[in-house]
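> my questions concern the predicted model and sequence given below.
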Amino acid sequence: MGKASVKENKKIYQLVREELNLTREAASELIDGMESYRLNKIENEALPTPDEVYNMSKAYKRPDLCSYYCANECRIGKETDVKELKIKDLSNIVLGMLNKLHTMDEKKEKLISISADGDVDDEELEEFFNIQNELNQMAELIDTLKLWTNKMIYEGKIDEKKYKDLQHKKANLLKK
């Protein structure tokens, strides 16, 4: 590898490339349709396109780059408060999900009571908000599990074809 940059405030795309000990030239050969001059612009001044981020995430085997882009650089993501997901260990994800499921088991009766009349009145609002927050945290854990799965697919630890076949089978069962 060439001499590492000493520039401060490096963008994530450069940090990830340097973690992989890749020059811009070597990285551009891995990234579908990207020339080294374009990678230089992305790392230093220009915003990448969604396709460029996707291609970098595949080449670098870092699906979290897509999450970073959506949460921090995409106008829609920033304006709709999309959360940036970080890749975690599978055990941390599963334990977090089990904890949230346990919490929701305790709150499901309250949610049924709140929603029975189709309205959320002032006395129910705080509890409803808290339950909604717990559900949002569960959704984030589910998305983190999807991110972890994509990383394992990118790294070849989960067979992509078998995984996609299972997805298609499940989708077809749901259509019936």
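Here it is on my side, so go on. Computed from a predicted model, the values in this text were never measured in an experiment.

> hey, let's count contacts and neighbours off CA atoms from now on
Noted.

> could I get the full set of helices for this structure?
12-19, 24-30, 36-44, 50-60, 64-72, 75-79, 90-115, 122-154, 160-175 (DSSP state H).

> what's the closest of those to residue 6?
Among the helices of the chain, helix 12-19 comes nearest to residue 6, with 11.2 Å by Cα to Cα.

> what comes up buried for the closest one?
13-14, 16-18 (16 or more other Cα atoms under 10 Å).

> I'd like the residues you listed as JSON lines, with distance to residue 165 appended.
Listed next are those as JSON lines, based on distance: Cα to Cα, whole Å:
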{"residue": "13", "distance to residue 165": "32"}
{"residue": "14", "distance to residue 165": "35"}
{"residue": "16", "distance to residue 165": "31"}
{"residue": "17", "distance to residue 165": "32"}
{"residue": "18", "distance to residue 165": "35"}
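
> burial measure for residue 74, as a count.
16 (other Cα atoms under 10 Å).

> got it, and residue 56?
With other Cα under 10 Å as criterion, residue 56 counts 26.

> let's have the chain start at 651 instead
Yes, from this point I'll number from 651; that puts the last item at residue 706.

> for it, give its distance to residue 673.
14 Å (Cα to Cα, to the nearest Å).

> before we move on, the earlier item: can you add mean pLDDT and distance to residue 656 and give the helices of the chain back as JSON lines?
Shown next, in JSON lines, are the helices of the chain (pLDDT from 0 to 100; distance: least, Cα to Cα, whole Å):
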{"stretch": "helix 662-669", "mean pLDDT": "97", "distance to residue 656": "11"}
{"stretch": "helix 674-680", "mean pLDDT": "97", "distance to residue 656": "15"}
{"stretch": "helix 686-694", "mean pLDDT": "97", "distance to residue 656": "13"}
{"stretch": "helix 700-710", "mean pLDDT": "97", "distance to residue 656": "21"}
{"stretch": "helix 714-722", "mean pLDDT": "97", "distance to residue 656": "22"}
{"stretch": "helix 725-729", "mean pLDDT": "95", "distance to residue 656": "29"}
{"stretch": "helix 740-765", "mean pLDDT": "94", "distance to residue 656": "34"}
{"stretch": "helix 772-804", "mean pLDDT": "96", "distance to residue 656": "29"}
{"stretch": "helix 810-825", "mean pLDDT": "92", "distance to residue 656": "38"}
